[in-house]
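A.B. asks: Dropping the sequence and predicted coords here.
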Amino acid sequence: MGIYLIVIAGLVLRLLFIDKPDGMWNDEYISWMIAAQPLSNGFIEGVKSQCHMPFYYLYLKFFMTLFGQSDILLRLTSVLAGVLSIIAMYFVGLERDKKTGLICALITALSSFLIYYSQEVRFYSLLFLISAITLLYTIRVVKAPCKKNIILYAVLNFFILFTHTIGFVFVFLNLLYVSICLRRQYKKVITYLWISIGIVALTLTPLVLNVFGTKSFSQWWGSFSISRIGFLMTDYFSPILTNLTNAPDNFFYNPTLEFFIYGIIPALIAFVFIIKAIKEKYAAGLLGIAAGTVIVLVIAALSGKLVFLTKYSIEIYPILIFLFALGIAEIKNVVFRNSIISIYCIICIVYMIRSPYAAFKLRRPEGHKIVAQLIENAQLNEGDIILLEYYPKERFEKYIDFSKYNVFSINKGNFPDFISSDTSYSEVFKNGKQLYRSIFLENENKFLENTLNESIISKLKPNQNIAMVTLNSVSFYDPEDLSKIVKDDRLYEKEPLLFLVFSYIKNHTFSDIAKSVQITRLERQGSWSLIKFTKLN
């Protein structure tokens with residue numbers, strides 16, 4: 001009876017506020033764009049253009065083919081994986097006993113992190129499900145390395161590799177753990193296991209090389225600080241979510257009583273019982289997999305290969321939940337054990353009820369439907385000009401028909417063509433900060449001004465409009481603040497290039513356009529702004 005109630009509660013939490021009024025934001029939109037492409041024409045190219053493996057896009061395409069492409073339907077595919085994850089973690093805990101299974105399921109059901117990603121059109125909910133079942137068969141293959149368990153264990157690890165680009169870190173450490181556990185009794189099994197993973201690795205090599213060879217600035221917008229490891233624990237085990245896209249440099253950035261109660265206490269409870277569980281069978285090795293994965297991701301973040309976000313380590317989350325549950329289940333005093341569980345659950349539930357920042361209440365301020373609403377509100381006429389900054393127009397075409405407008409875009413893929421005449425994208429990718437520093441310090445950019453004039457301003461007719469759409473979350477520095485950062489070596493070195501570039505572009509395109517036309521409207525919604533300029537008679 002207990003597991004049914006937990007699953008129902010988890011389902012309800014994942015369905016609350018499932019209809020996000022802001023629409024899909026960039027990463028979600030990419031998921032839909034790729035999955036919407038025909039397998040024979042565009043799908044493979046779409047996968048290659050991104051930095052993740054194709055399994056999730058195939059999963060999404062399956063449901064889109066059967067049920068359609070509405071935003072709610074797309075989000076429900078993640079809800080499905082999220083609810084199945086509760087059941088999967090129950091079976092993981094059952095490998096110890098029913099008590100541990102129920103605690104595993106309860107923690108999973110109440111996880112704000114999993115609730116959030118159960119409402120995202122991204123692969124993280126599905127990846128958690130695969131990782132949970134992988135953990136189940138990791139334990140089973142160590143306990144009973146029969147043919148069935150070995151095959152399922154190998155297949156599940158393959159699905160992790162086929163879903164998450166950096167999943168190979170977890171898979172390698174997982175295989176190493178199993179190999180160590182079985183090294184004496186089952187030398188042949190271990191040999192076959194490493195041969196299998198070697199074949200899989202060779203099979204995926206071309207795709208991996210393509211993924212790592214893709215030139216994109218998207219992962220260069222955050223720097224690593226040790227506090228992110230603290231945020232990993234609060235994201236996973238408290239209802240406060242901080243490191244979804246970026247996190248403050250200081251873990252105690254918000255030293256309030258609320259942060260202590262809802263953030264620190266549940267994370268501390270989880271940490272204590274994860275450590276307590278180490279003495280149990282299999283626990284130390286499993287914790288080693290989790291710790292090793294985090295260490296590798298930290299090294300990668302320090303070397304500038306990725307941003308250390310909690311979601312990138314989601315493969316280890318089932319392990320941490322299992323160890324947390326294992327530690328609590330080992331408490332002999334029933335009253336004390338139930339008190340700990342109750343305190344943890346109450347903290348999570350009370351925050352969800354009272355806080356506007358509860359996982360299922362969080363809006364998507366970068367949602368692309370906002371741009372469609374801003375353009376509609378601007379009451380543009382046929383033939384008017386829309387200037388999109390940061391994203392190309394295809395990132396909004398699910399929500400708006402651009403056919404009657406003239407659309408220009410200064411985006412992540414072409415911005416070097418607007419800033420100067422003598423730098424290529426590849427040069428900026430390698431050495432952008434050094435190339436652009438002197439340009440950032442100049443009060444004018446004649447190249448950008450002339451480009452805007454030739455492409456847009458000089459072609460304006462009387463009463464024609466320009467709608468300049470900007471993403472404020474990547475272009476938040478005004479000219480004065482930008483100048484201070486560029487003049488300070490320490491600040492300039494620390495600041496991500498994309499924030500500098502698109503703040504610079506926003507400032508200069510605004511001032512250059514405003515020289516010739518009149519501002520007639522300004523509206524902000526979420527992370528977006530639309531400035532309407534009109535050429536008066």
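C.D. replies: Done, it's in. Residues are numbered from 1 along each chain as shown.
A.B. asks: give me phi/psi at residue 519?
C.D. replies: Backbone torsions for residue 519, taken as degrees, to the nearest 10, come to phi -80, psi 120.
A.B. asks: Where does the nearest residue to it once chain neighbours are set aside fall, secondary structure wise?
C.D. replies: Among residues not flanking residue 519 along the chain, residue 533 sits closest, at 5.9 Å (C-beta to C-beta, 6 or more residues apart in numbering). No exception for glycine: its C-beta is placed from N, CA and C like everyone else's. Counting by DSSP states H and E, the secondary-structure element that holds residue 533 is strand 528-534.
A.B. asks: Could you do residue 521 as well?
C.D. replies: Going by DSSP H and E, residue 521 is in strand 518-525.
A.B. asks: Packing partners of that strand?
C.D. replies: Identification of packing neighbours for strand 518-525 by 3 or more C-beta pairs under 8 Å, 6 or more residues apart in numbering; DSSP states H and E yields helix 369-378, strand 528-534.
A.B. asks: which other residues reach the last one?
C.D. replies: The one in question is strand 528-534. Counting contacts by C-beta atoms under 8 Å, 6 or more residues apart in numbering, the residues outside strand 528-534 that touch it are 365-366, 370-371, 374-375, 377-378, 380, 463-472, 510, 513-514, 517-524.
A.B. asks: ok, of those residues, which come out buried?
C.D. replies: Neighbour-count burial within the contacts of strand 528-534 applies to 366, 370-371, 374-375, 378, 380, 464-472, 510, 513, 517, 521; the criterion is 16 or more other C-beta atoms under 10 Å.
A.B. asks: Identify the residues contacting residue 371.
C.D. replies: Shown here is residue 371, whose contacts under the criterion C-beta under 8 Å, 6+ apart are 388, 396, 399, 400, 469, 528, 530.
A.B. asks: just residue 341 next, same as before
C.D. replies: Under the criterion of C-beta under 8 Å, 6+ apart, the contact partners of residue 341 comprise 103, 106, 328.
A.B. asks: tell me which element it falls in.
C.D. replies: Following DSSP H and E, one finds residue 341 within helix 334-354.
A.B. asks: So for stretch 285-296, what gets flagged as buried?
C.D. replies: Buried, per 16+ other C-beta under 10 Å, within stretch 285-296: 285, 286, 287, 288, 289, 290, 292, 293, 294, 296.
A.B. asks: isn't the fourth one right next to residue 178, touching?
C.D. replies: No. Residue 288 lies out of contact with residue 178 (C-beta atoms under 8 Å); the separation is 11.9 Å.
A.B. asks: what about the stretch 1-150 of the chain, any weak spots by pLDDT?
C.D. replies: Using pLDDT under 70 as the threshold, the predicted model of the stretch 1-150 of the chain has no low-confidence range.
A.B. asks: what about the strands in this protein?
C.D. replies: With strands called from DSSP state E, the chain shows them at 385-390, 406-411, 465-471, 518-525, 528-534.
A.B. asks: average pLDDT for the third one?
C.D. replies: The predicted model assigns strand 465-471 a mean pLDDT of 97.
A.B. asks: Just give me how far that strand sits from the chain centre.
C.D. replies: Relative to its chain's centre, strand 465-471 lies at 27 Å (C-alpha atoms, centre = their mean, to the nearest Å).
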